[in-house]
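Participant: I'll drop the sequence and a predicted model, then ask my questions.
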Amino acid sequence: MLSRNVKRILAYRHPVDMRKQFDGLIGITRNVLREDPLDGSLFLFVNRRGNYLKGVFWDRTGFFLIAKRLEQGRFHLPGNEVTQELNAQTFELLLDGIILGRRRRNAVQMKHDVTREGRIAKP
């Protein structure tokens, strides 16, 4: 039902206080994202821990508020942009808590081995 009526899906990367309801999220949409909340887009917001997501959408007669909390894991947005447009498939994967995009590998730290210095032949 929702996916057929949504013009586009915009996700906001910065953490938002999840106590905000309709008016608070609409205020962020207008004042921070500089978007029109009545244009048929779904606007997504996450909390600081990344395990709670809220979305707000205008459906011709009023605002529709969605919320999801992951019991394990976090919502991971692909890319680094502050506001990111998602397609329907990416949105569904995001809701499932699937990590999208490149995964960061832990950097291997090279340590200087002083014990090897004594074995190196000096000219």
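Facilitator: The structure has been received and is ready for your questions.
Participant: low-scoring pLDDT stretches of this structure, where are they?
Facilitator: Confidence mapping of the chain against pLDDT under 70 gives the ranges 1-4, 101-123.
Participant: so what's the spatially most central residue of it up against?
Facilitator: Most central in the chain under Cα atoms, centre = their mean is Leu77, positioned 3.6 Å from the mean C-alpha point. Leu77 sits next to 11, 13, 46, 84, 94, 100 when contact means Cβ atoms under 8 Å, 6 or more residues apart in numbering. C-beta coordinates here come from the backbone N, C-alpha and C atoms, glycine included.
Participant: which helix runs longest in this structure?
Facilitator: helix 22-31 (DSSP state H).
Participant: chain center to it: distance?
Facilitator: Mean-position distance between helix 22-31 and its chain equals 17 Å (Cα atoms, centre = their mean, to the nearest Å).
Participant: as PDB, could you dump the C-alpha coordinates of the very next helix or strand once past it?
Facilitator: Counting by DSSP states H and E, the next helix or strand C-terminal to helix 22-31 is strand 42-46. Coordinates of each C-alpha in strand 42-46 appear next as PDB, following Å, rounded to 0.1, in the frame of the first residue of the first chain:
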ATOM      1  CA  LEU A  42       8.700   9.200   2.600                       C
ATOM      2  CA  PHE A  43      11.100  10.800   5.000                       C
ATOM      3  CA  LEU A  44      13.100   8.400   7.200                       C
ATOM      4  CA  PHE A  45      14.900   9.200  10.500                       C
ATOM      5  CA  VAL A  46      17.100   7.000  12.800                       C
END
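Participant: give the partner strands of the helix or strand that strand 42-46 is followed by in its sheet and their orientations.
Facilitator: Following strand 42-46 in sequence order, the next helix or strand is strand 52-58 (DSSP H and E). If you go by DSSP bridges, strand 52-58 pairs up with strand 42-46 (antiparallel), strand 63-69 (antiparallel).
Participant: hmm, back to that, could you check the angle the longest helix of the chain makes with strand 42-46?
Facilitator: 100 degrees (axes from the mean of the first three to the mean of the last three Cα atoms, to 10 degrees).
Participant: all set now, cheers.
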